[in-house]
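K.L.:
Need the 3D shape of this:
(one chain, ligands or ions: 2)
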Amino acid sequence: MIELREVTKIYKGQKVPAVDRLSLQIPEGETCVFVGPSGCGKSTTLRMINRMIEPTSGTILIDNKDIRESDPDRLRMGIGYVIQQIGLLPHRTVAENIAIVPRLYGWPKEKIRQRVDELLELIGLDPETTRDKYPSQLSGGQMQRVGVARAMAADPPIMLMDEPFGAVDPIARNYLQDEFLRLQREMKKTICFVTHDINEAIKMGDRIAIFNKGRLVQYGTPHEILTRP
Ligand code: ADP
Ligand code: ADP
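P.N.:
Residues are numbered from 1 along each chain as shown. Ligands and ions are numbered 1, 2, ... in the order given. This is a model prediction of the structure:
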């Protein structure tokens, strides 16, 4: 479970908090979607969960443990992170990009090779023709899939996904959403998923957290959100 207690972030030189006394619990195995207009604090919240940035005040716990007590690198290795600008290493092949975290864990070569092929299958890319390609040889949707595979490589229990399908066209996005939903039914990861698209939020979320100006204004299941006045 991920728990945020009264978390506030005020960036240097800013008067207004980017995130303002945010309290939230995300149960294990659920997808919580953060939704709201641009600049309302969604990405900031996500980046505090993997300690890319530190809160100004408040506490974040993962499995009841304050994340400040974890080594930041170890913490990040256990959290898959997918962003819109997927940032694959351009001079590394698809397989090498996916293998980054397993290599950090020191997995043997053969285990990494098998895992890469398994992941490529899982995300709907043909291992034979894809593993040795370079990112520039892929379409936007394929890159996005490789980014998701990279984040899942070492099977982290938690995934943080910041507009993961934002950069692909609407048809490809719809496919990626459906495929990811199917995967998640088996994976049962704890996921924070950021979008500014309410339809995507309703489709992807077990729970939806609606942000406005750094504050949590609504939190509930899609059904609760849709039926509440
Ligand atoms: P969202 O993800 O909902 O678009 P962000 O978390 O990116 O929102 O941003 C929340 C607020 O914090 C915005 O006003 C944004 O301009 C500001 N902000 C984000 N990152 C920084 C930063 N590195 N330095 C200063 N202000 C920032
Ligand atoms: P997002 O897609 O999360 O809304 P933005 O486009 O707001 O991201 O921000 C992109 C980058 O710029 C992020 O690294 C963010 O931290 C930084 N940033 C955003 N707003 C500000 C700001 N007001 N001052 C400084 N950096 C900012």
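
K.L.:
what about the longest helix in the chain?
P.N.:
When the chain is parsed with DSSP state H, its longest helix is helix 170-187.

K.L.:
and that one, what does it pack onto?
P.N.:
For helix 170-187, the packing partners by 3 or more C-beta pairs under 8 Å, 6 or more residues apart in numbering; DSSP states H and E come out as helix 140-152, helix 198-204. (C-beta placed from N, C-alpha, C; glycine too.)

K.L.:
Which stretches in this structure count as strands?
P.N.:
Assigned by DSSP state E, the chain shows strands spanning 2-9, 19-26, 31-35, 57-62, 65-66, 79-83, 158-162, 190-195, 207-212, 215-220.

K.L.:
Any chance of TSV for the ones you listed, columns distance to residue 145?
P.N.:
Output for the strands of the chain, formatted as TSV (distance: least, C-beta to C-beta, whole Å):
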stretch	distance to residue 145
strand 2-9	25
strand 19-26	25
strand 31-35	18
strand 57-62	27
strand 65-66	32
strand 79-83	10
strand 158-162	13
strand 190-195	16
strand 207-212	25
strand 215-220	30
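
K.L.:
Same list (the ones you listed) but as a markdown table, adding mean pLDDT.
P.N.:
Shown next, in a markdown table, are the strands of the chain (pLDDT from 0 to 100):
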| stretch | mean pLDDT |
| --- | --- |
| strand 2-9 | 98 |
| strand 19-26 | 97 |
| strand 31-35 | 97 |
| strand 57-62 | 98 |
| strand 65-66 | 97 |
| strand 79-83 | 93 |
| strand 158-162 | 96 |
| strand 190-195 | 96 |
| strand 207-212 | 96 |
| strand 215-220 | 96 |
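
K.L.:
And the helix or strand bottoming out on mean pLDDT in the chain, how far out from the chain middle?
P.N.:
One helix or strand of the chain scores below all others by mean pLDDT, DSSP states H and E: helix 170-187, with a mean of 89. Here the centre of helix 170-187 is set off from its chain's centre by 14 Å, with C-alpha atoms, centre = their mean, to the nearest Å.

K.L.:
now it against strand 190-195, angle please.
P.N.:
Angle, helix 170-187 to strand 190-195, by axes from the mean of the first three to the mean of the last three C-alpha atoms, to 10 degrees: 170 degrees.

K.L.:
Now helix 170-187: buried residues?
P.N.:
Neighbour-count burial for helix 170-187, counted by 16 or more other C-beta atoms under 10 Å, picks out 172, 173, 176, 177, 180, 184.
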